[in-house]
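Colleague: With the sequence up front, the predicted model follows.
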Amino acid sequence: MHADTESIWKLWQAELARDALLSEWRGLHADVDRLDKEHAASVERAEQAQAASAELRDQERALNRRLETYQKRRDKAQTMIDQGTAPDYLAAQAQAQQCGAIADDLETELLELMERMDAAATALKGAVDGRDHLAHRHRGAQTRYQERLIALKPQFEAATQRRDLLRERVHREFIGLYDRLRGKKMTVFGLVDTDTCTACHVKLNGTLVSDLRRGVAVLICPSCGRYLAMRAE
Ligand SMILES: [Zn+2]
(Lines give C-alpha, C1' and ligand atoms only; values in the text may rest on other atoms or scores of the structure.)
Protein backbone atom coordinates (compact mmCIF):
# COMPACT_ATOMS: atom_id res chain seq x y z
CA MET A 1 0.00 0.00 0.00
CA HIS A 2 1.27 3.46 -0.87
CA ALA A 3 2.35 5.40 2.23
CA ASP A 4 -0.21 8.16 1.61
CA THR A 5 -2.96 5.61 0.98
CA GLU A 6 -1.99 3.97 4.25
CA SER A 7 -2.32 7.21 6.18
CA ILE A 8 -5.78 7.81 4.65
CA TRP A 9 -6.70 4.22 5.53
CA LYS A 10 -5.53 4.62 9.11
CA LEU A 11 -7.45 7.87 9.48
CA TRP A 12 -10.58 6.18 8.16
CA GLN A 13 -10.22 3.22 10.53
CA ALA A 14 -9.73 5.58 13.47
CA GLU A 15 -12.79 7.51 12.34
CA LEU A 16 -14.86 4.32 12.12
CA ALA A 17 -13.79 3.34 15.65
CA ARG A 18 -14.81 6.79 16.85
CA ASP A 19 -18.12 6.53 14.94
CA ALA A 20 -18.84 3.22 16.65
CA LEU A 21 -18.40 4.78 20.09
CA LEU A 22 -20.55 7.72 19.08
CA SER A 23 -23.31 5.50 17.77
CA GLU A 24 -23.18 3.39 20.94
CA TRP A 25 -23.57 6.56 23.02
CA ARG A 26 -26.43 7.76 20.80
CA GLY A 27 -28.11 4.35 21.05
CA LEU A 28 -27.97 4.35 24.84
CA HIS A 29 -29.14 7.94 24.94
CA ALA A 30 -32.01 7.16 22.55
CA ASP A 31 -33.05 4.22 24.80
CA VAL A 32 -33.21 6.53 27.82
CA ASP A 33 -35.09 9.13 25.80
CA ARG A 34 -37.59 6.66 24.40
CA LEU A 35 -38.24 5.04 27.78
CA ASP A 36 -38.50 8.48 29.34
CA LYS A 37 -41.36 9.31 26.97
CA GLU A 38 -42.98 5.87 27.28
CA HIS A 39 -42.80 6.07 31.06
CA ALA A 40 -44.32 9.56 31.12
CA ALA A 41 -47.16 8.34 28.88
CA SER A 42 -47.73 5.32 31.16
CA VAL A 43 -47.87 7.58 34.23
CA GLU A 44 -50.51 9.63 32.46
CA ARG A 45 -52.48 6.51 31.51
CA ALA A 46 -52.37 5.25 35.11
CA GLU A 47 -53.57 8.65 36.36
CA GLN A 48 -56.42 8.63 33.85
CA ALA A 49 -57.38 5.09 34.88
CA GLN A 50 -57.29 6.13 38.55
CA ALA A 51 -59.49 9.15 37.81
CA ALA A 52 -61.92 6.97 35.83
CA SER A 53 -62.18 4.50 38.74
CA ALA A 54 -62.68 7.30 41.26
CA GLU A 55 -65.40 8.81 39.06
CA LEU A 56 -67.21 5.45 38.93
CA ARG A 57 -66.94 5.08 42.72
CA ASP A 58 -68.55 8.53 43.10
CA GLN A 59 -71.33 7.46 40.75
CA GLU A 60 -71.80 4.29 42.77
CA ARG A 61 -72.11 6.22 46.04
CA ALA A 62 -74.65 8.65 44.50
CA LEU A 63 -76.67 5.77 43.02
CA ASN A 64 -76.66 3.92 46.32
CA ARG A 65 -77.92 7.02 48.12
CA ARG A 66 -80.76 7.44 45.60
CA LEU A 67 -81.58 3.74 45.79
CA GLU A 68 -81.74 3.87 49.57
CA THR A 69 -84.02 6.94 49.44
CA TYR A 70 -86.50 5.27 47.07
CA GLN A 71 -86.40 1.95 48.93
CA LYS A 72 -87.22 3.80 52.18
CA ARG A 73 -90.11 5.67 50.56
CA ARG A 74 -91.42 2.45 49.05
CA ASP A 75 -91.13 0.57 52.37
CA LYS A 76 -92.71 3.45 54.31
CA ALA A 77 -95.72 3.53 51.96
CA GLN A 78 -95.98 -0.25 52.08
CA THR A 79 -95.87 -0.28 55.89
CA MET A 80 -98.68 2.29 56.04
CA ILE A 81 -100.73 0.21 53.61
CA ASP A 82 -100.04 -2.96 55.59
CA GLN A 83 -100.89 -1.33 58.92
CA GLY A 84 -103.88 0.54 57.49
CA THR A 85 -102.47 3.87 58.62
CA ALA A 86 -102.27 5.49 55.16
CA PRO A 87 -104.33 8.72 55.07
CA ASP A 88 -105.00 8.05 51.38
CA TYR A 89 -104.83 4.36 50.48
CA LEU A 90 -104.67 4.84 46.69
CA ALA A 91 -102.05 7.55 46.95
CA ALA A 92 -99.97 5.34 49.24
CA GLN A 93 -100.30 2.42 46.84
CA ALA A 94 -99.27 4.61 43.91
CA GLN A 95 -96.32 5.90 45.96
CA ALA A 96 -95.20 2.34 46.85
CA GLN A 97 -95.44 1.25 43.23
CA GLN A 98 -93.71 4.30 41.81
CA CYS A 99 -90.87 4.23 44.33
CA GLY A 100 -90.55 0.46 43.87
CA ALA A 101 -90.24 0.86 40.09
CA ILE A 102 -87.61 3.61 40.46
CA ALA A 103 -85.69 1.46 42.99
CA ASP A 104 -85.74 -1.47 40.52
CA ASP A 105 -84.39 0.76 37.75
CA LEU A 106 -81.70 2.08 40.08
CA GLU A 107 -80.71 -1.46 41.03
CA THR A 108 -80.35 -2.36 37.37
CA GLU A 109 -78.30 0.77 36.82
CA LEU A 110 -76.16 -0.12 39.81
CA LEU A 111 -75.49 -3.62 38.47
CA GLU A 112 -74.41 -2.17 35.14
CA LEU A 113 -72.24 0.33 36.94
CA MET A 114 -70.58 -2.45 38.93
CA GLU A 115 -69.71 -4.23 35.71
CA ARG A 116 -68.11 -1.04 34.45
CA MET A 117 -66.28 -0.71 37.77
CA ASP A 118 -64.90 -4.24 37.39
CA ALA A 119 -63.67 -3.40 33.90
CA ALA A 120 -62.20 -0.11 35.18
CA ALA A 121 -60.43 -1.95 38.03
CA THR A 122 -58.88 -4.38 35.52
CA ALA A 123 -57.83 -1.47 33.30
CA LEU A 124 -56.37 0.35 36.30
CA LYS A 125 -54.36 -2.69 37.36
CA GLY A 126 -53.03 -3.03 33.81
CA ALA A 127 -52.14 0.65 33.65
CA VAL A 128 -50.40 0.60 37.05
CA ASP A 129 -48.49 -2.61 36.22
CA GLY A 130 -47.49 -1.12 32.86
CA ARG A 131 -46.34 2.08 34.55
CA ASP A 132 -44.30 0.19 37.16
CA HIS A 133 -42.74 -2.03 34.50
CA LEU A 134 -41.74 0.99 32.41
CA ALA A 135 -40.40 2.79 35.48
CA HIS A 136 -38.18 -0.24 36.10
CA ARG A 137 -36.97 -0.33 32.46
CA HIS A 138 -36.45 3.41 32.46
CA ARG A 139 -34.24 3.20 35.57
CA GLY A 140 -32.36 0.29 33.98
CA ALA A 141 -31.67 2.28 30.81
CA GLN A 142 -30.55 5.28 32.86
CA THR A 143 -28.20 3.11 34.89
CA ARG A 144 -26.76 1.46 31.77
CA TYR A 145 -26.29 4.86 30.20
CA GLN A 146 -24.59 6.36 33.26
CA GLU A 147 -22.38 3.33 33.84
CA ARG A 148 -21.33 2.99 30.21
CA LEU A 149 -20.76 6.73 29.95
CA ILE A 150 -18.03 6.53 32.59
CA ALA A 151 -15.97 4.30 30.29
CA LEU A 152 -17.29 5.64 27.01
CA LYS A 153 -16.37 9.27 27.59
CA PRO A 154 -12.60 8.78 27.95
CA GLN A 155 -12.68 6.19 25.14
CA PHE A 156 -14.37 8.68 22.89
CA GLU A 157 -11.96 11.44 23.83
CA ALA A 158 -9.02 9.13 23.11
CA ALA A 159 -10.57 8.12 19.78
CA THR A 160 -11.06 11.77 18.85
CA GLN A 161 -7.45 12.58 19.72
CA ARG A 162 -6.23 9.65 17.68
CA ARG A 163 -8.44 10.67 14.75
CA ASP A 164 -7.15 14.26 14.90
CA LEU A 165 -3.56 13.07 15.08
CA LEU A 166 -3.96 10.73 12.12
CA ARG A 167 -5.73 13.42 10.17
CA GLU A 168 -2.68 15.64 10.48
CA ARG A 169 -0.61 12.86 8.96
CA VAL A 170 -2.72 12.73 5.81
CA HIS A 171 -1.34 14.85 3.02
CA ARG A 172 -3.51 17.94 2.50
CA GLU A 173 -4.32 17.15 -1.12
CA PHE A 174 -6.13 13.95 -0.03
CA ILE A 175 -8.24 15.44 2.74
CA GLY A 176 -10.74 17.18 0.44
CA LEU A 177 -11.96 13.96 -1.18
CA TYR A 178 -11.86 12.19 2.17
CA ASP A 179 -14.14 14.82 3.69
CA ARG A 180 -16.50 14.80 0.70
CA LEU A 181 -16.90 11.02 0.92
CA ARG A 182 -17.46 11.21 4.66
CA GLY A 183 -19.86 14.11 4.15
CA LYS A 184 -21.92 11.96 1.77
CA LYS A 185 -21.83 9.16 4.38
CA MET A 186 -20.00 6.98 1.87
CA THR A 187 -17.36 4.42 2.70
CA VAL A 188 -14.02 6.16 2.08
CA PHE A 189 -12.38 3.13 0.48
CA GLY A 190 -13.43 0.81 -2.27
CA LEU A 191 -11.78 -2.53 -1.55
CA VAL A 192 -10.57 -4.26 -4.67
CA ASP A 193 -11.27 -7.95 -4.97
CA THR A 194 -9.09 -9.36 -7.81
CA ASP A 195 -9.93 -6.59 -10.29
CA THR A 196 -13.28 -5.24 -9.12
CA CYS A 197 -14.09 -2.33 -6.80
CA THR A 198 -16.38 -4.01 -4.27
CA ALA A 199 -17.94 -0.67 -3.31
CA CYS A 200 -19.43 -0.01 -6.77
CA HIS A 201 -18.93 -3.45 -8.37
CA VAL A 202 -17.19 -2.00 -11.40
CA LYS A 203 -14.29 -3.85 -13.01
CA LEU A 204 -11.08 -1.83 -13.02
CA ASN A 205 -8.55 -1.79 -15.85
CA GLY A 206 -5.42 -3.90 -15.62
CA THR A 207 -2.97 -1.00 -15.29
CA LEU A 208 -4.88 0.48 -12.38
CA VAL A 209 -5.01 -2.86 -10.58
CA SER A 210 -1.33 -3.47 -11.19
CA ASP A 211 -0.45 0.06 -9.95
CA LEU A 212 -2.57 -0.59 -6.92
CA ARG A 213 -0.83 -3.90 -6.20
CA ARG A 214 2.56 -2.24 -6.46
CA GLY A 215 1.41 0.73 -4.36
CA VAL A 216 2.84 3.30 -6.78
CA ALA A 217 0.36 6.07 -6.00
CA VAL A 218 -2.83 6.99 -4.19
CA LEU A 219 -5.50 5.60 -6.52
CA ILE A 220 -9.15 6.46 -6.88
CA CYS A 221 -11.91 4.33 -8.38
CA PRO A 222 -12.83 5.98 -11.72
CA SER A 223 -16.41 4.79 -11.25
CA CYS A 224 -17.39 5.63 -7.66
CA GLY A 225 -14.61 8.06 -6.76
CA ARG A 226 -13.54 6.24 -3.58
CA TYR A 227 -9.94 5.63 -2.60
CA LEU A 228 -8.83 2.17 -3.60
CA ALA A 229 -7.12 -0.52 -1.53
CA MET A 230 -6.59 -4.20 -2.20
CA ARG A 231 -8.94 -6.31 -0.14
CA ALA A 232 -6.13 -8.50 1.24
CA GLU A 233 -4.25 -5.49 2.59
ZN1 LIG B 1 -15.72 2.00 -7.12
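Modeller: Looks like it arrived, so ask away.

Colleague: Quickly note the distance from the residue positioned nearest the centre of the chain to the ion.
Modeller: Using CA atoms, centre = their mean, the residue of the chain that lies closest to the mean C-alpha position is residue 34, 3.7 Å off. Note on residue 34: its distance to the ion, by CB to the ion, to the nearest Å, is 38 Å. C-beta here means a position set from N, CA and C on the backbone, and glycine is covered the same way.

Colleague: does that residue count as helix, strand or coil?
Modeller: Classification of residue 34 using DSSP: H, G, I helix; E, B strand; the rest coil returns helix.

Colleague: Residue 150 - how many residues pack around it?
Modeller: Using other CB atoms under 10 Å, residue 150 is surrounded by 8 other residues.

Colleague: Actually, residue 65.
Modeller: If we define neighbours as other CB under 10 Å, then residue 65 has 10 of them.

Colleague: For residue 202, which residues count as its bridge partners?
Modeller: When bridges are taken as DSSP bridges, the partners of residue 202 come out as residue 197.

Colleague: hang on, it packs against residue 221?
Modeller: Yes. The criterion here is CB atoms under 8 Å, and residue 202 meets it with residue 221 at 7.1 Å.

Colleague: More neighbours: which of those two?
Modeller: A count of neighbours by other CB under 10 Å puts residue 221 above the other of residue 202 and residue 221, at 18 against 14.

Colleague: List the contacts of that one.
Modeller: With contact taken as CB atoms under 8 Å, 6 or more residues apart in numbering, residue 221 is in contact with 190, 197, 199, 200, 202, 204, 227, 228.

Colleague: Over to the fourth one. Which of the three states is it?
Modeller: Assigned by three-state DSSP, the conformation of residue 200 is coil.

Colleague: what about it, how many residues close to it?
Modeller: 13.

Colleague: On the pLDDT front, check it for me.
Modeller: Here, the pLDDT recorded for residue 200 equals 96.

Colleague: residue contacts, it?
Modeller: By CB under 8 Å, 6+ apart, the residues touching residue 200 are 190, 221, 223, 224, 226.

Colleague: separation between it and the ion?
Modeller: Taken as CB to the ion, the span from residue 200 to the ion is 3 Å.

Colleague: which bits of the protein sit near the ion?
Modeller: Taking CB under 5 Å from the ion as the contact definition, the chain meets the ion at 190, 197, 199, 200, 221, 223, 224.

Colleague: Can you tell me which of those residues comes closest to residue 112?
Modeller: Closest approach between the residues of the chain next to the ion and residue 112, by CB to CB: residue 199, at 69.0 Å.

Colleague: so who does that closest one touch?
Modeller: Per CB under 8 Å, 6+ apart, neighbours of residue 199: 186, 187, 189, 190, 191, 221, 224, 226.

Colleague: Look at the closest residue to it other than its chain neighbours and tell me its secondary structure.
Modeller: Nearest in space to residue 199, with sequence neighbours left out and distances taken as CB to CB, 6 or more residues apart in numbering, is residue 190 at 3.5 Å. Here residue 190 takes the strand state, with states given by three-state DSSP.
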